[in-house]
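Undergrad: for reference, the sequence and a predicted model appear below.
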Amino acid sequence: MDGMYSLLSKCRCIQHLNLKYARFLNDQHVAELSLFLAGLKSINLSSCNHLTESALFSLVRSCPLLSDIKMERTNIGKESAVSSNSLRDFVVVNPQLKSLCLARCEHLKDENIILFASIFPTLELLDLRFSDQISEELSLFSLVKNCPSLSEIKMEDTDIGKENVENNDSMMDIGIYPQLKSLYLGDNLWLSVQKIIMFASSIPSLQLLDLNDCDLSDGIWQFVRRFDMITHLNLASCTDVNKFKMNFVLPKLQVLDLADTGVDDETVYAISKSCPGLLELLLKYCYYVTEKGVKHVVENCKQLRKIEFSDFYVHDTIRELAMDALFASVLKFL
């Protein structure tokens, strides 16, 4: 550590620092290093598994220009919540943190997320993937309520929705939050259609929604129609996608991922009529789609650039269709 202290003390203009896998670092080390890094703008401390939120707070307190922090696979959440005295310090400092990655932090809890939402109001991107102690949708709403510039949240493979807080007083006045544009909720087994409809009413400007591998068998298309600004929709490995009813239009939808959903020609036809602006349709492992379905999509989606299939799991008629110059340019096999 003496060598690192000596180096940083002579390089006080460092703006970007990558200390990923520096597993010897602890909270005290980061607190001392941060004193030399007043001009720091980004830092990567991922897989420094001894670090807790104390290191995070030291950084934002000592580095007022810091806008990007990556602390994936750390012990964030293991220590007790920040004291009220420290919280007052953050209000004075007003950190300019815009991007925070806390993916795969196994100790991260809802109370941590709610706290971070209150002390990092300038956040624009937050990555909370693979944190299975996050279970309340209240965490999500605390973020969008307290962070007016937050446009992207990644919460894949958490337990969001597991805790039922629908009657919580804090959920009574959810509000409208048009700033959120991208929401990743894939592999969340506790999500329900009702909860996503609740999200839809509060985030009307959402453009990207990832629900990959979510069990939404009680009416997947009930909520999709509510996101009329959506441009990218991932329903890969979701159930009951074949129950699509063509009674609404998603004019702005450009990319639709239906991989491994078991859709057939009838469903693909209905989707092509409701989503005329499609640029990409991803159909990997959708063996029930034949040349008939592909022709419908090409006919109804005039701007289409790509229909993607799995090279080893595709109907024979699709391979034959790929020989036709009219379809060869859009059919892709991976």
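TA: Cool, got the structure. As the structure is a computational prediction, the values presented were derived from the model and not from experiment. Numbers count the residues shown, from 1 in each chain.
Undergrad: now Gly39, nearest residue through space, not along the chain?
TA: Excluding the flanking residues, the one nearest Gly39 by Cβ to Cβ, 6 or more residues apart in numbering is Cys13, at 5.5 Å. In short, each C-beta sits where N, CA and C put it, glycine included.
Undergrad: before we move on, what's the pLDDT of the one you found?
TA: In this prediction, Cys13 carries a pLDDT score of 82.
Undergrad: with the one 3 residues further on instead?
TA: His16 is assigned 95 on the pLDDT scale.
Undergrad: for Gly293, same thing?
TA: 94.
Undergrad: list the buried residues for the strand or helix carrying it?
TA: In the assignment (DSSP states H and E), Gly293 maps to helix 291-300. By neighbour count on 16 or more other Cβ atoms under 10 Å, the buried set for helix 291-300 is Glu291, Gly293, Val294, Lys295, His296, Val297, Val298, Asn300.
Undergrad: separation between the nearest residue to the first one once chain neighbours are set aside and Leu256?
TA: The reference is to Glu291. For Glu291, the nearest residue in space outside its immediate sequence neighbours is Thr317; the separation is 4.0 Å by Cβ to Cβ, 6+ apart. Look at Thr317 and Leu256: by Cβ to Cβ, to the nearest Å, they are 21 Å apart.
Undergrad: go on, Phe327?
TA: Phe327 sits 18 Å away from Leu256, going by Cβ to Cβ.
Undergrad: what helix or strand is Leu100 located in?
TA: Assigned by DSSP H and E, Leu100 falls in strand 99-101.
Undergrad: helices or strands up against the next helix or strand after that strand?
TA: Downstream of strand 99-101, the first helix or strand assigned by DSSP H and E is helix 110-119. Secondary-structure packing of helix 110-119 (3 or more Cβ pairs under 8 Å, 6 or more residues apart in numbering; DSSP states H and E): helix 84-93, helix 137-146.
Undergrad: by mean pLDDT, show me the worst of those.
TA: helix 84-93 (a mean of 53).
Undergrad: show me the helices in the stretch 201-334 of the chain, by range?
TA: In the stretch 201-334 of the chain, the segments counted as helices under DSSP state H, counting those that start in this stretch are 220-224, 265-274, 291-300, 316-321, 325-328.
Undergrad: Asp311 touches Phe333, doesn't it?
TA: Yes. At 4.1 Å, Asp311 and Phe333 qualify as touching, with contact defined as Cβ atoms under 8 Å.
Undergrad: neighbour count winner among those two?
TA: Phe333 (15 against 10; other Cβ atoms under 10 Å).
Undergrad: what is the more buried one paired to in the beta sheet?
TA: With DSSP bridges as the criterion, Phe333 is bridged to Phe309.
Undergrad: who's in contact with it?
TA: Neighbouring residues of Phe333 by Cβ atoms under 8 Å, 6 or more residues apart in numbering: Glu308, Phe309, Ser310, Asp311, Val314, Ala322.
Undergrad: looking at these, which has the most residues close by?
TA: That'd be Phe309 among the contacts of Phe333, by other Cβ under 10 Å, with 25 neighbours.
Undergrad: how near is it to Val263?
TA: The gap separating Phe309 from Val263 is 12 Å, by Cβ to Cβ.
Undergrad: give me the common contacts of the two.
TA: In contact with both Phe309 and Val263: Leu283, Cys286, Val289, using Cβ under 8 Å, 6+ apart.
Undergrad: related to what we said a few turns ago, pLDDT added to the contacts of Phe333, as TSV?
TA: Formatted as TSV, the contacts of Phe333 follow (pLDDT from 0 to 100):
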residue	pLDDT
Glu308	95
Phe309	94
Ser310	88
Asp311	81
Val314	84
Ala322	85
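Undergrad: mind listing the strands for the protein?
TA: 16-18, 42-44, 68-70, 99-101, 125-127, 152-154, 182-184, 208-210, 232-234, 255-257, 280-282, 306-309, 331-333 (DSSP state E).
Undergrad: which residues touch the longest one?
TA: By that I understand strand 306-309. Here strand 306-309 makes contact (Cβ under 8 Å, 6+ apart) with 279-284, 286, 289, 294, 297-298, 318, 330-334.
Undergrad: over to the fifth one?
TA: Defining contact as Cβ under 8 Å, 6+ apart, one finds that strand 125-127 is touched by 72, 98-103, 116, 143, 147, 150-154.
Undergrad: neighbouring strands - and their directions - for that strand?
TA: If you go by DSSP bridges, strand 125-127 pairs up with strand 99-101 (parallel), strand 152-154 (parallel).
Undergrad: if you count neighbours, what's buried in the first one?
TA: Burial within strand 99-101, assessed by neighbour count using 16+ other Cβ under 10 Å, is assigned to Leu100, Cys101.
Undergrad: also stretch 144-158?
TA: Residues of stretch 144-158 classed as buried: 144-147, 150-158 (neighbour count, 16+ other Cβ under 10 Å).
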